[in-house]
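Chemist: Fold the stuff below for me.
(chains A, B, C and D)
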Protein chains: 4
Amino acid sequence: MISFESDYTTGAHPEIFKRLSEINFEHTSGYGTDVYCASAIEKIRKACACPEAEVYFAVGGTQTNQLVVSTMLKDYEGVVAADTGHVAAHEAGAIEHSGHKVLTIPSHQGKMKAEELQAFVKNFYEDGNHEHMVFPGMVYISQPTEYGSLYSKQELEQIAAVCKAYEMILYVDGARLGYALMSEENDVTLPELAKLTDVFYIGGTKVGALCGEAIVFTKNNMPKHFIPLAKQRGALIAKGRLLGIQFDTLFTDDLYLQCGKHAMEQKKKLVSILKNAGFEFFFESPTNQQFVVIEDEKLKKLQEKVAVSFWEKKDETHTVIRFCSSWSTTDEDLATLEQILKVCC
Amino acid sequence: MISFESDYTTGAHPEIFKRLSEINFEHTSGYGTDVYCASAIEKIRKACACPEAEVYFAVGGTQTNQLVVSTMLKDYEGVVAADTGHVAAHEAGAIEHSGHKVLTIPSHQGKMKAEELQAFVKNFYEDGNHEHMVFPGMVYISQPTEYGSLYSKQELEQIAAVCKAYEMILYVDGARLGYALMSEENDVTLPELAKLTDVFYIGGTKVGALCGEAIVFTKNNMPKHFIPLAKQRGALIAKGRLLGIQFDTLFTDDLYLQCGKHAMEQKKKLVSILKNAGFEFFFESPTNQQFVVIEDEKLKKLQEKVAVSFWEKKDETHTVIRFCSSWSTTDEDLATLEQILKVCC
Amino acid sequence: MISFESDYTTGAHPEIFKRLSEINFEHTSGYGTDVYCASAIEKIRKACACPEAEVYFAVGGTQTNQLVVSTMLKDYEGVVAADTGHVAAHEAGAIEHSGHKVLTIPSHQGKMKAEELQAFVKNFYEDGNHEHMVFPGMVYISQPTEYGSLYSKQELEQIAAVCKAYEMILYVDGARLGYALMSEENDVTLPELAKLTDVFYIGGTKVGALCGEAIVFTKNNMPKHFIPLAKQRGALIAKGRLLGIQFDTLFTDDLYLQCGKHAMEQKKKLVSILKNAGFEFFFESPTNQQFVVIEDEKLKKLQEKVAVSFWEKKDETHTVIRFCSSWSTTDEDLATLEQILKVCC
Amino acid sequence: MISFESDYTTGAHPEIFKRLSEINFEHTSGYGTDVYCASAIEKIRKACACPEAEVYFAVGGTQTNQLVVSTMLKDYEGVVAADTGHVAAHEAGAIEHSGHKVLTIPSHQGKMKAEELQAFVKNFYEDGNHEHMVFPGMVYISQPTEYGSLYSKQELEQIAAVCKAYEMILYVDGARLGYALMSEENDVTLPELAKLTDVFYIGGTKVGALCGEAIVFTKNNMPKHFIPLAKQRGALIAKGRLLGIQFDTLFTDDLYLQCGKHAMEQKKKLVSILKNAGFEFFFESPTNQQFVVIEDEKLKKLQEKVAVSFWEKKDETHTVIRFCSSWSTTDEDLATLEQILKVCC
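Modeler: Purely as a prediction, here's the structure:
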């Protein structure tokens, strides 16, 4: 059975195994104090054109979101997110478990609007009772969003301006950042992202790594004593080099961007195959996630041969499903998909 | 420079890379629902002679301890540990961060005594004010301990009996369990450990894996809805197979025990080298951690050529240092160490 | 200046001072173990026709909500509330601070609809990803609501049925319960409330007490070891009798209901005065909170002579304000209000 | 039956009832924004000779400790206390419930020694692994201590010096501060306490109030947005005036000190009675708590007529019990005690 279910269903880019194996019997110090972490940090700083950036490597996305939000917010603050934001909807309450409220505003295909954010925060401060409410201390957006959509540079600038006006931290979840960066419709570079945000993460798990996310604090704002803060949250690993070596590899010879580029090329082919098969697009995204509507009968048949993600029920007889391309999507699998769709859809 | 600093300073057993590479482009479902996790669980059950065991794979040791303690204790309960226990001393307060007190009793070369545990708990329940105190809900021990020492089967049985009498969960931290199991002085098998405890973990990070710890719930007592509980604590990773494949490999053809055996063989040689060099042993442990006393002057010289762990100051002019063997300790490094010691100590 | 700002702006019913003074030099044991707490509990059981009820006295409303929610929910669960619910909007994130998410559904003049609750929970369980989401473990409603509205017996039964079907705890915030019970439009008695809910609280602070709320667990479901659980949350006071004596007094000779009745009588007069003054009612509630629309110009003048609560801006030139009656509202104040309104509005 | 069990077994000083009654029907704004809170704060500032002090009124002692510790510490910090300190031993883990570890050092009749504190903190910073440990961010002491003992001015200065050297907050729990201040053996005035500490609280519950503790931040260091921080912890009450009026009364005409003085006078008589009855003093404290050793047989008889506190078992046949005097101890009760002791001990 072939799979277009997600971008975390395979292993890692072979170059990563190569490096891990080469270094395998070399001794390094623990907890991220090794030379490979140091080298990876240096390369990320360069890629971000942000020499003063502080970088921390965490293992997974929800861990990263919880770590960033709970160490950067004050107790009386919450984080504002679109109601479809990962922190709001699909992290089993990890943010609340850390003591903070997720304040939601409407989602527009996964994105928040700067003017709605502005209105929300303005209302808060104008409410005479706001000392009895949760302060908006941070804004969380994802690039690309959970729906694969992208914030334009202008949109990011507008959101950043609201954050600045109300002294809120702007945090970007880049679980799939590589796919945003290499999308043809993207106009936000990594250095621009670093400049416009206070903190963001470069997702490894979904873009070619075995595991790992690189948190980038861009404004000399990494919380003091971040090591014990991370350890308290179970986010410090003894063999920290596992993350350092991977990011060092991903940021050597633009491998991270190559992973993104491959996925975008395969996404084009995927969209074309889905269109040829006559699918209605629920949402045609500029990145590697594609949402189409399918009759439930056909879905049953399809799922015997292709793994896809259930997204939501559209109506009594139709379902929205997600197809993903990734750094590892092969032409063979795309060809097989095309054949299957000819038969069953 | 050679290193005897710790058992997490190298990569992973080559067999693990081999398996990861073989499976690399195979698609599997996420979050630990894949076939490799399932296979690893089945093999661990067999190795523990505990077919009903429930197994969860976490990434690191402190994460594991926090996850187990905070999901199994009730809010009004704390965990009893020797005052040298990892949860008490060296996790940056991860247990307290999760809301629970670590109740400490004296350590005897890393171990607690059953009779002192019994007295502590008895006193608690006899105190008329105990509803204003923290209830002892769990007992935490490590096997081997942080000092490399081992609980004998009899000692474990005695502690287990106290736990049973007072309805406390018995939890064993097995960060270095492989080294305990293969120690010549060990008389507790994996099935016996499974039988005597309520929950324990089989450490991977320090015994041949890139990362990963296998939590084994032995009494049908995995907390309900453990997936969201883990996710809330940042302890659920998308590419769960990374952990499953590793443990599946470690529990194939006794690789885990082979890792332990190798470290114990090298430990013997290490002890002999250290003795020949005339070191006073602060504590000669039955497992892979060895503690010796060294003059500060000599230590300075030594550290130019060999990485070791500082343990504690013994007096004004002497220091206790730790040498570790591991699954990856080579004869070459031991020979080099022997030469260096001849010259500088 | 007179005040209709809220129902917590005066002291306590004189009968309470009388009893506190009478008992003042009598020695009693601490932490709620005294005879007055015991007597109060017995009287509350009778008033609720629920002899097995377990009762705990806390100090204030937000403390009570946090205590109930955080001790009754499991870690992976959140509490469902109307988006205007006190726990959702005006407790500075106390529920999230305790680790739990408030899951919101639409408010209809302060109330949730059973069918919308049902749809929300059904959707949750039908979502294939629900193990990555927050489980609905409890339903929070207030009686009367934050808008002064009331759930009818039928509405409560419908909500209770949904709770039962999905094994959710039904919790009623009765901060102003006395005013609900004595409203002419109310058809839910205290025994019926006890029967339909799993836990609720009888508000003292706003209904004649100096402070204090009586939490009533109606289904033998007070969390085990509630004393340390409360103490951990700062909700156990040494001089527990302060709460016991007050509730014992309020539940002697129906004083609690008398307080409610007085407020309802004064509310009638208040509504009549506001109507005669020509106010548009934003929402005419069946209990002691009344919401009217006022031109901003007039509001300025009014506030020089009468304290009222700002509720929300209606439009550029109008504001919604709240008038409250209470157990202590005097005819004199009502007469003065009438005079003031004649002049300034 | 008479009682010397504790200092919280009676009501409040009659002057407090008088003031509460006088103001009863006056309307004031809620949540501590009323004129009586403001007046009380002003009087406390004067009594402390600290015009810039920020004062917050909480309801009870454990709530206060949790509020101060958890809002002033950073996540990676814990609080250092003598192992007999209330926060360490008898708050059901309230500090840990708020996420922070209590780091204990030895108690000497309830007190810590500055040199032991210094050694503890010095060791911490010299430990190469201290980023994996809990940082000492605050020092907690009680005045008087849980054993009734007092820190001298010199001892306080020494502890304050250690705190300053290591940038730790010095916090004094003054649950029974009135009894310290009026002890003949005390040489620390309220202004000196304010000067030497960063934050302390003036206990009301045990010194004449119905409930309430006044937290005094002496160094412009009240955490920002303390209202929502307190509300999140259930420590903000709607009818805040209840606390303000009480402290306003206690700090009018030195009523607080009068309460302390009375207890100290009665303590003298109590000690004399106990001595005459031949009791061995386990610890003869300079304040209102007195600890004597009694044979278990005699204790049984005594407890039929006098309520006392069990402290601890001394040996198989003897118990340490506590007698307390308080602001409300009467000469009649002392005379009765004397008679009873003549008969039964």
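
Chemist: Spatially, what comes nearest to the residue in the stretch 51-200 of chain A that chain B sits nearest to if we skip its sequence neighbours?
Modeler: Going by C-beta to the nearest C-beta, chain B is nearest to A:Gln63 of the stretch 51-200 of chain A, at 3.1 Å. Glycine gets a C-beta too; all of them are placed from N, C-alpha and C. Once flanking residues are discounted, A:Gln63 sits nearest to B:Gly234: 3.1 Å by C-beta to C-beta, 6 or more residues apart in numbering or on different chains.

Chemist: what about that neighbour, helix or strand, and which?
Modeler: For B:Gly234, there is no host helix or strand (DSSP states H and E).

Chemist: Please work out how many residues are found near A:Tyr171.
Modeler: A total of 25 residues lie near A:Tyr171 under the criterion other C-beta atoms under 10 Å in any protein chain shown.

Chemist: mind checking the SS state of it?
Modeler: Following DSSP: H, G, I helix; E, B strand; the rest coil, we place A:Tyr171 in the strand state.

Chemist: A:Arg233 is in contact with the residue of the stretch 51-200 of chain A closest to chain B, correct?
Modeler: Yes - the criterion here is C-beta atoms under 8 Å, and A:Gln63 meets it with A:Arg233 at 7.3 Å.

Chemist: Walking through chain A, point out its strands one by one.
Modeler: A:2-3, A:54-58, A:77-82, A:102-105, A:135-142, A:169-173, A:199-203, A:213-217, A:280-283, A:289-295, A:306-307, A:309-315, A:318-324 (DSSP state E).

Chemist: where along the stretch 1-150 of chain A do the helices fall?
Modeler: A:14-23, A:35-47, A:61-72, A:86-89, A:94-97, A:114-126 (DSSP state H, counting those that start in this stretch).

Chemist: Can stretch A:238-251 be said to contact chain D?
Modeler: No - applying C-beta under 8 Å from any C-beta of the partner chain, one finds stretch A:238-251 separated from chain D by no less than 10.4 Å.

Chemist: coming back round to it: got the contact list for the residue nearest to A:Gln63?
Modeler: A:58-60, A:62-64, A:66-67, A:94, A:233-235, B:63 (C-beta atoms under 8 Å, 6 or more residues apart in numbering or on different chains).

Chemist: which one of those sits closest to D:Pro136?
Modeler: Within these, distances to D:Pro136 taken as C-beta to C-beta reach their minimum at A:Arg233, with 20.5 Å.

Chemist: Is there a neighbour count for A:Asp83? I'd like the number.
Modeler: With other C-beta under 10 Å as criterion, A:Asp83 counts 13.

Chemist: make that A:Phe283, sorry
Modeler: A:Phe283 has 17 nearby residues by other C-beta under 10 Å.

Chemist: Same check on A:Asn24?
Modeler: A:Asn24: 17 neighbours (other C-beta under 10 Å).

Chemist: So it sits against B:Pro14, correct?
Modeler: Yes - counting by C-beta under 8 Å, B:Pro14 is a contact partner of A:Asn24 at 7.1 Å.

Chemist: Any residues of chain A in contact with chain D? List them.
Modeler: Within reach of chain D by C-beta under 8 Å from any C-beta, chain A has these residues: A:70-71, A:74-76, A:131-135, A:224-225, A:227-229, A:231-232.

Chemist: ChimeraX command to pick out the buried ones of the residues you listed?
Modeler: In ChimeraX, a selection of the buried entries from the residues of chain A next to chain D looks like this (16 or more other C-beta atoms under 10 Å in any protein chain shown):
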select /A:70,71,75,76,131,132,133,134,135,225,227,228,229,231,232
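
Chemist: check the residues of chain A next to chain D against chain C, which are close?
Modeler: A:75-76, A:131-134.

Chemist: and of those residues, the nearest to C:Leu270?
Modeler: Of these, the one sitting nearest to C:Leu270 (C-beta to C-beta) turns out to be A:His132, at 24.9 Å.

Chemist: For the closest residue to the closest one other than its chain neighbours, which residues are in contact?
Modeler: Among residues not flanking A:His132 along the chain, C:His90 sits closest, at 4.9 Å (C-beta to C-beta, 6+ apart). Contact analysis of C:His90 by C-beta under 8 Å, 6+ apart lists A:129, A:132-133, C:146.

Chemist: do that again at 7 Å, thanks
Modeler: When contacts are counted by C-beta atoms under 7 Å, 6 or more residues apart in numbering or on different chains, C:His90 touches A:129, A:132-133.

Chemist: ditto for A:Ala94
Modeler: A:62, A:65-66, B:231-232, B:234.

Chemist: Out of the contacts of B:Gly234, the closest to chain D would be?
Modeler: Looking across the contacts of B:Gly234 and measuring by C-beta to the nearest C-beta, the closest to chain D is A:Arg233, at 9.0 Å.

Chemist: tally of neighbours for the residue lying closest to the closest one once chain neighbours are set aside?
Modeler: Take A:Arg233 and drop its neighbours on the chain: the residue closest to it by C-beta to C-beta, 6+ apart is A:Leu67, 5.5 Å away. As a burial measure, A:Leu67 scores 28 neighbours (other C-beta under 10 Å).

Chemist: Relative to D:Gly137, how far out is A:Leu67?
Modeler: Separation of A:Leu67 from D:Gly137 (C-beta to C-beta, to the nearest Å) stands at 20 Å.

Chemist: what's the lengthiest helix in chain A packed up against?
Modeler: The longest helix of chain A (DSSP state H) is helix A:255-276. Counting contacts by 3 or more C-beta pairs under 7 Å, 6 or more residues apart in numbering or on different chains; DSSP states H and E, helix A:255-276 packs against helix A:177-181, strand A:289-295, helix A:331-344.

Chemist: Contact distance from chain C - what residues of the stretch 51-200 of chain A qualify?
Modeler: A:76, A:78, A:89-90, A:92-93, A:96-97, A:99-101, A:128-129, A:132-134 (C-beta under 7 Å from any C-beta of the partner chain).

Chemist: still on that earlier bit, from memory the residue of the stretch 51-200 of chain A closest to chain B sits against A:Ala235, does it?
Modeler: Yes - under the criterion of C-beta atoms under 7 Å, A:Gln63 makes contact with A:Ala235 at 5.2 Å.

Chemist: More neighbours: which of these two?
Modeler: A:Ala235 (28 against 25).

Chemist: So, low pLDDT: which residues of the stretch 1-150 of chain A?
Modeler: Within the stretch 1-150 of chain A, no range satisfies pLDDT under 70.

Chemist: what residues does it put near chain B?
Modeler: Applying C-beta under 7 Å from any C-beta, one finds that the stretch 1-150 of chain A approaches chain B through A:3, A:6, A:8-12, A:17, A:20-21, A:23-30, A:59-63, A:66-67, A:91-94, A:97.
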